[in-house]
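Colleague: Next come a sequence and a model predicted from it.
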Amino acid sequence: MTLAPDPPADSPPQDAQPAGASRAVRPASWLGWLTTTDHKRVGLLTMATAVVLFFLMGVLALLMRSQLAQPDQNFFGSSLYNQMFSIHGSGMIYLVMTPFAIGLGVYLVPLQIGAPAVAMPRATLFGYWLYALGAVLMLSGFAMPTGAHADGWFSYPPMASSTYSPGDGTPLWIVGVFMATVGALLMGWAVLWTALRKRARGMTMLRMPVFTWSMIAATLMVIGAFPALLAALVMLAVGRAEPSVFDSNAWNIGYQHLFWFYGHPVVYVMFFPYLGAVGEVLAVFSRRRFFGYKGTVVSLLVFAALSMSVWGHHMFATGQATNDYYSLTSIALLVPAGIEYFALVGTVLGGRLVFRTPMLFALAFIPQFLIGGLTGIMVGTPALDYHVTDSYFIVAHLHYVLFAGSAFGLFAAVYFWFPKVTGLMLDERLGRVHFALMVIGTNLTFLPMFGLGYLGMPRRVATYPEWAGFGLLNLLASIGAGFLAAAMIAFVLNLQQAFRRRVAAPADPWQGNSLEWAATSPPPRYNFTTAHPLPPITSNAPLLDARMRHGRHRAPRGEDA
């Protein structure tokens with residue numbers, strides 16, 4: 001299972017780079033950042049852009065929750081509300097969670113496999129710029145006279161046709177999503193090719209860290225599923241130019257098949273990298289190896305393959321999908337998912353736990369994402385799906401997957417690798433405040449939505465009458481959104497304080513297991529130098545191997561254990 005890595009063609013040999021020399025050639029100007037081919041800078045640009053957009057999408061969510069906090073409120077008209085929920089949903093999927101996951105892979109995968117650079121560095125940078133420009137186009141719809149795109153993140157025809165959704169908002173959305181998706185394809189392909197062909201000597205496939213394997217599984221889905229979205233967007237653009245094509249039911253259902261062939265795998269593109277990050281965090285702060293490594297690798301690949309066969313469970317209500325088949329494939333996902341959850345729990349059990357902020361987010365990821373996974377199996381059952389489809393039950397399920405799950409994995413990754421990326425330490429107390437507020441806010445916001453869906457509140461409504469009985473649960477959800485806003489403020493304060501106080505981070509502040517912790521913090525241009533060389537690669541946890549050989553594997557002084 002070993003592919004011989006190519007020698008790096010775009011960098012000098014490691015031994016030819018004296019310590020600190022690679023830092024001297026790094027461009028220091030803003031133009032250097034915008035034209036860089038350093039995978040670390042491209043990854044940082046991608047993740048930073050995603051974080052900014054994350055906050056913008058959060059503002060839209062707060063505005064929507066303020067409208068729905070009580071019945072019969074009309075702070076915003078139905079048209080503006082439709083634009084807000086459409087751009088919020090589109091932004092979180094196309095512009096935030098997916099690009100951040102891919103950007104994390106662009107930054108970390110070369111470091112974790114001992115490569116000096118990413119494959120196709122210029123294409124990777126071009127992918128970032130396509131993503132950034134696509135985001136600008138999507139958001140620019142708010143400046144149009146008819147407003148932004150207002151037909152949801154899936155933009156079903158014929159509702160999204162020029163007949164029913166006139167104006168420039170939807171065309172801008174189509175072009176923006178197309179560009180962002182092509183950008184994700186380019187960056188995903190670069191990450192996959194890097195993992196397969198640029199590994200250091202001794203880094204066999206089964207010595208790669210769990211995070212790198214999670215990126216391989218995710219990028220395989222990017223390459224396999226994302227072209228279907230591009231085809232669907234072309235169909236939508238053609239239909240807006242000639243609305244009569246939407247008179248054909250085959251055209252409308254064909255669009256749904258193409259869209260959901262992308263739409264279900266993208267959920268796992270937004271999950272696998274964060275699962276891999278959580279696995280790395282749990283292993284490091286449990287002071288042990290990742291449990292069930294080989295089984296997890298196989299389950300990730302099986303999960304990725306199965307994810308390409310379940311798209312039709314989003315179409316049960318159309319009456320034009322083979323329900324038994326899609327229900328079977330959906331429930332079959334329980335098997336690889338169960339292996340992965342078992343591996344996460346097994347990593348923690350018996351370990352010498354260290355409860356730092358990354359560990360707290362990683363531990364919370366497990367039960368919260370489990371709620372999203374189990375409710376996903378529920379909506380993959382036709383009899384249950386008929387009752388809750390297009391209700392707030394689906395909203396709750398989706399947010400437990402992407403926020404209670406993936407967003408907690410995202411913050412576990414941020415707190416874990418922030419010292420490596422910046423060379424600075426975040427404040428532990430503010431990190432714990434951020435964590436506590438997020439746990440309260442997440443569950444107070446989204447748990448009531450299951451009840452709202454069961455009681456029959458439809459999604460995508462701007463208001464509701466008092467007699468419907470939805471007021472109390474909506475009020476709780478809106479209060480929870482306030483806690484989430486406070487959590488994000490705590491996170492911003494932590495970032496601000498880190499860059500103001502500038503507490504220097506050592507190369508390996510957590511006693512990490514994988515190769516990135518052998519480089520300086522932050523790493524130099526080509527990742528490893530003669531002063532910080534690659535250690536011997538003997539397993540998927542080479543630094544842990546080295547500490548065990550020298551009898552130095554213990555919790556750092558002052559840590560909670």
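Modeller: Thanks, I have it. Worth saying up front: this structure is predicted, and the values here are computed from it rather than measured.
Colleague: Would you agree Val278 is in contact with Gly409?
Modeller: Yes. Because the distance of 5.0 Å satisfies CB atoms under 8 Å, Val278 is recorded as touching Gly409. C-betas here are computed from N, CA, C, even on glycine.
Colleague: what sits in contact with each of these two?
Modeller: By CB atoms under 8 Å, 6 or more residues apart in numbering, Val278 and Gly409 have these common neighbours: 362, 365.
Colleague: Neighbour count: those two, which is higher?
Modeller: Val278 (33 against 30; other CB atoms under 10 Å).
Colleague: In which helix or strand does the more buried one reside?
Modeller: helix 272-285 (DSSP states H and E).
Colleague: residues in contact with the closest residue to Ala505 other than its chain neighbours?
Modeller: Spatial nearest neighbour of Ala505, excluding adjacent residues (CB to CB, 6 or more residues apart in numbering): Pro419 at 3.4 Å. Contact analysis of Pro419 by CB under 8 Å, 6+ apart lists 425-426, 505-506, 509-510, 521.
Colleague: Mind giving me the ChimeraX select for these, buried ones only?
Modeller: Selection of the buried residues among the contacts of Pro419 in ChimeraX, burial being defined by 16 or more other CB atoms under 10 Å:
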select :425,426,505,509,510,521
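Colleague: so which of the contacts of Pro419 would you say is closest to Tyr400?
Modeller: Ranked by distance to Tyr400 (CB to CB), the contacts of Pro419 are led by Leu426 at 26.2 Å.
Colleague: Now name the helix or strand holding the closest one.
Modeller: Here Leu426 is assigned to no helix or strand, by DSSP H and E.
Colleague: And Pro506, by the same measure?
Modeller: Assigned by DSSP H and E, Pro506 falls within no helix or strand.
Colleague: re earlier: looking at the contacts of Pro419, which one is closest to Leu125?
Modeller: Ser521 (23.6 Å).
Colleague: State the distance from the closest one to Ala277.
Modeller: Per CB to CB, to the nearest Å, Ser521 is found 18 Å from Ala277.
Colleague: So, low pLDDT: which residues of this protein?
Modeller: Applying pLDDT under 70 to the chain flags the ranges 1-28, 552-561.
Colleague: re earlier: what's the helix or strand for the residue nearest to Ala505?
Modeller: Counting by DSSP H and E, Pro419 is found in helix 408-422.
Colleague: Report whether Phe261 is found in a helix, as I expect.
Modeller: Yes. Phe261 forms part of a helix when assessed by DSSP: H, G, I helix; E, B strand; the rest coil.
Colleague: give me every residue that touches Val379.
Modeller: Counting by CB under 8 Å, 6+ apart, Val379 touches 313, 385, 388-389, 393-394, 397.
Colleague: The same query, at a cut-off of 7 Å, please.
Modeller: By CB atoms under 7 Å, 6 or more residues apart in numbering, Val379 lies in contact with 385, 388, 394, 397.
Colleague: swap in Gly372?
Modeller: By CB under 7 Å, 6+ apart, the neighbours of Gly372 are 397, 400-401, 404-405.
Colleague: what do you get for Thr357?
Modeller: 415, 428, 431-432, 435.
Colleague: Now do it against Leu344, distance only.
Modeller: Counting by CB to CB - Thr357 and Leu344 are separated by 18 Å.
Colleague: next one: Tyr164
Modeller: 45 Å.
Colleague: which of these two has more neighbours?
Modeller: Legend: neighbour count by other CB under 10 Å for Tyr164 and Leu344, higher for Leu344 (24 against 13).
Colleague: Isn't Tyr392 up against Met457?
Modeller: Yes. Using CB atoms under 7 Å, Tyr392 is in contact with Met457, at 4.8 Å.
Colleague: Settle it for me: which of these two has more neighbours?
Modeller: Neighbour tally, Tyr392 and Met457, criterion other CB under 10 Å: the higher count belongs to Tyr392, 28 against 21.
Colleague: Could you check how far that one is from Met438?
Modeller: Distance from Tyr392 to Met438, by CB to CB: 21 Å.
Colleague: Then Ile113?
Modeller: 32 Å.
Colleague: likewise Phe154?
Modeller: 28 Å.
Colleague: List the contacts of Ser514.
Modeller: By CB under 7 Å, 6+ apart, the contact set of Ser514 is 112, 209, 280, 541, 543.
Colleague: secondary structure class for the residue lying farthest from the centre of the chain?
Modeller: When each C-alpha in the chain is compared with the mean C-alpha position (CA atoms, centre = their mean), Trp467 comes out farthest, at 38.8 Å. Three-state assignment for Trp467 (three-state DSSP): helix.
Colleague: if we can go back for a sec, make JSON lines out of the contacts of Thr357 and add neighbour count and distance to His149.
Modeller: Listed next are those as JSON lines, based on neighbours: other CB atoms under 10 Å; distance: CB to CB, whole Å:
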{"residue": "Tyr415", "neighbour count": "25", "distance to His149": "34"}
{"residue": "Glu428", "neighbour count": "12", "distance to His149": "41"}
{"residue": "Gly431", "neighbour count": "22", "distance to His149": "36"}
{"residue": "Arg432", "neighbour count": "15", "distance to His149": "39"}
{"residue": "Phe435", "neighbour count": "24", "distance to His149": "34"}
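Colleague: got these as CSV, with distance to Phe290 and secondary structure columns?
Modeller: Shown next, in CSV, are these (distance: CB to CB, whole Å; DSSP: H, G, I helix; E, B strand; the rest coil):
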residue, distance to Phe290, secondary structure
Tyr415, 19, helix
Glu428, 24, helix
Gly431, 23, helix
Arg432, 25, helix
Phe435, 22, helix
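Colleague: Among those, which one lies nearest to Thr49?
Modeller: Tyr415 (19.7 Å).
Colleague: Just the terminal-to-terminal distance for stretch 196-213.
Modeller: 10 Å (CA to CA, to the nearest Å).
Colleague: cool, stretch 233-248 as well?
Modeller: Stretch 233-248: ends 17 Å apart by CA to CA.
Colleague: Pull the residues that contact that stretch.
Modeller: 155, 157-158, 160-163, 170-171, 174, 177-178, 251-252, 255, 258.
Colleague: And it, what's buried?
Modeller: Buried residues in stretch 233-248 (16+ other CB under 10 Å): 233, 235-236, 239-240, 245-246.
Colleague: For the closest residue to Thr422 other than its chain neighbours, grab phi and psi.
Modeller: Leaving aside its chain neighbours, Thr422 sits nearest to Pro522 (6.2 Å; criterion: CB to CB, 6+ apart). With angles defined as degrees, to the nearest 10, Pro522 sits at phi -80, psi 160.
Colleague: for Pro522, what are its contacts?
Modeller: 420-423.
Colleague: any idea how far it is from Thr375?
Modeller: Taking CB to CB, one finds Pro522 at 40 Å from Thr375.
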